[in-house]
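> Sequence plus the predicted model coming up.
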Amino acid sequence: MVEVAALGPGFAGALRREDVAPEVERALRAIESADLLVAASPVYRASFTGLFKHLFDFVGQYDLVGTPVLLAATGGGERHALIIEHQLRPLFGFFQALTLPIGVYASNSDFTDYRLSSPDVARRVVQAVDRSLPLVEQAALVRRSEYVATW
């Protein structure tokens with residue numbers, strides 16, 4: 001698990017990857033070598049957080065090609081649910097990652113004492129995983145193209 005807020009001081013103000021702190025470099029390598037990513041962000045001003053975007057600015061452009069990514073977000077209300085389709089999916093499309101078909105969004109009212117308490121959202125999580133497993137299994141069998149990897 002990469003907690004972006006905790007890493008923030010290690011890459012805030014960095015303009016190049018070689019400027020980030022060692023713990024950020026470790027997180028970047030973990031992201032780039034993952035078999036599956038669950039990318040989640042709270043909604044802030046109708047988008048993912050600035051730290052989230054800044055972290056992904058340092059991820060290698062071709063290091064997520066074909067990597068399955070489950071998209072998730074939280075926000076103050078249901079109006080922010082489109083972040084998955086309008087913000088997160090295009091970001092991971094840039095990386096040529098395999099964004100899984102069902103994202104998961106939860107609003108503040110879906111939590112009690114910082115724990116998911118909504119049975120509807122819990123069902124959505126199960127549905128997202130169930131529908132994504134065949135794609136994740138297929139992605140594990142596909143070898144990354146040497147052509148793309150050498151760009």
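Sure thing, it's come through. Numbering: from 1, shown residues only.

> all helices for this protein, in order.
For the chain, the helices defined by DSSP state H cover 4-11, 22-33, 50-57, 83, 89-94, 119-141, 146-149.

> for the third one, what is the average pLDDT?
I take that to be helix 50-57. On average, the pLDDT along helix 50-57 is 95.

> What residues of it count as buried?
Leu51, Phe52, His54, Leu55, Phe56 (16 or more other CB atoms under 10 Å). C-betas here are computed from N, CA, C, even on glycine.

> So what's the residue count around Gly13?
8 (other CB atoms under 10 Å).

> pLDDT score assigned to the nearest residue to it once chain neighbours are set aside?
Counting by CB to CB, 6 or more residues apart in numbering, Gly13 lies nearest to Asp19, which is 7.9 Å off, once chain neighbours are set aside. What the model reports for Asp19 is a pLDDT of 96.

> what about Asp19, how many residues close to it?
Neighbour count of Asp19, defined by other CB under 10 Å: 12.

> how near is it to Gln127?
41 Å (CB to CB, to the nearest Å).

> now Arg45
On the measure of CB to CB, Arg45 and Gln127 end up 29 Å apart.

> These two: who's more crowded?
The neighbour comparison of Arg45 against Gln127 (other CB under 10 Å) goes to Gln127, with 12 against 8.

> Nearest spatial neighbour of the more buried one, chain-adjacent residues omitted?
Using CB to CB, 6+ apart, the closest residue to Gln127 is Ile102 (6.1 Å).

> do Ile31 as well
Val59 (5.8 Å).

> For the one you found, give me its contacts.
When contacts are counted by CB atoms under 8 Å, 6 or more residues apart in numbering, Val59 touches Leu28, Ile31, Glu32, Phe95.

> Could you rerun that using 10 Å?
Residues in contact with Val59, defined by CB atoms under 10 Å, 6 or more residues apart in numbering, are Arg17, Ala27, Leu28, Arg29, Ile31, Glu32, Phe95, Ala97.
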